[in-house]
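*Asks:* just coords:
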């Protein structure tokens, strides 16, 4: 696929580039609406076999994009290139060598769903933030998240 996923952040649901990206995926997404009282997010597209989740705000703009490694939260591994030359087999030290020092780091954190321990790093810029999650041994990337800057936790 020739579309770099970080270029999809903040795109409207009807944007030509976003639609081209979604139409390229051979799987039909599961679509669900977030409850307004829980979040400012509007809808979510889940592509479990493609290892991808796209979250839209209530104005139908892309808030976050999650791409998953194999068997993370019942997703299959995302098969397309990751941003910035990353791959799921890159360890934490290699990710920092590629991306530079993170803006924020965290961990160890205990996952709510499967109780596993993970660490994370986040790189912020004016267009998006890139968040990497690593398993406890930090020898690979388990999830990559792209986040719209105004959606960052405070």
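*Replies:* Alright, I've got the coordinates. What you see is a predicted model, and the numbers here were worked out from it, not measured in a lab.
*Asks:* From the contact counts, what lies against the helix or strand of the chain with the lowest mean pLDDT?
*Replies:* Least confident element among the helices and strands of the chain, by mean pLDDT, DSSP states H and E: strand 30-33 (a mean of 86). In terms of contacts (3 or more C-beta pairs under 8 Å, 6 or more residues apart in numbering; DSSP states H and E), strand 30-33 is packed against strand 41-47. Quick note: C-beta positions are derived from backbone N, CA and C, even for glycine.
*Asks:* And for the helix or strand following the strand it packs on, what's in contact with it?
*Replies:* Helices and strands here follow DSSP states H and E; after strand 41-47, the next one along the chain is strand 52-57. Applying C-beta atoms under 8 Å, 6 or more residues apart in numbering, the contact partners of strand 52-57 are 8, 13, 22, 25, 34, 40-47, 62-68, 75, 78, 151.
*Asks:* Run me through the strand neighbours of the least confident helix or strand of the chain, direction for each.
*Replies:* strand 41-47 (antiparallel) (DSSP bridges).
*Asks:* And the strands in this protein, which stretches?
*Replies:* Here the chain has its strands, by DSSP state E, at 30-33, 41-47, 52-57, 62-68, 104-110, 117-124, 129-135, 143-147.
*Asks:* With distance to residue 95 and mean neighbour count as new columns, can those be given to me in a markdown table?
*Replies:* A markdown table is the format used below for the strands of the chain (distance: least, C-beta to C-beta, whole Å; neighbours: other C-beta atoms under 10 Å):
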| stretch | distance to residue 95 | mean neighbour count |
| --- | --- | --- |
| strand 30-33 | 29 | 10 |
| strand 41-47 | 24 | 18 |
| strand 52-57 | 20 | 22 |
| strand 62-68 | 14 | 23 |
| strand 104-110 | 11 | 12 |
| strand 117-124 | 7 | 18 |
| strand 129-135 | 6 | 21 |
| strand 143-147 | 10 | 22 |
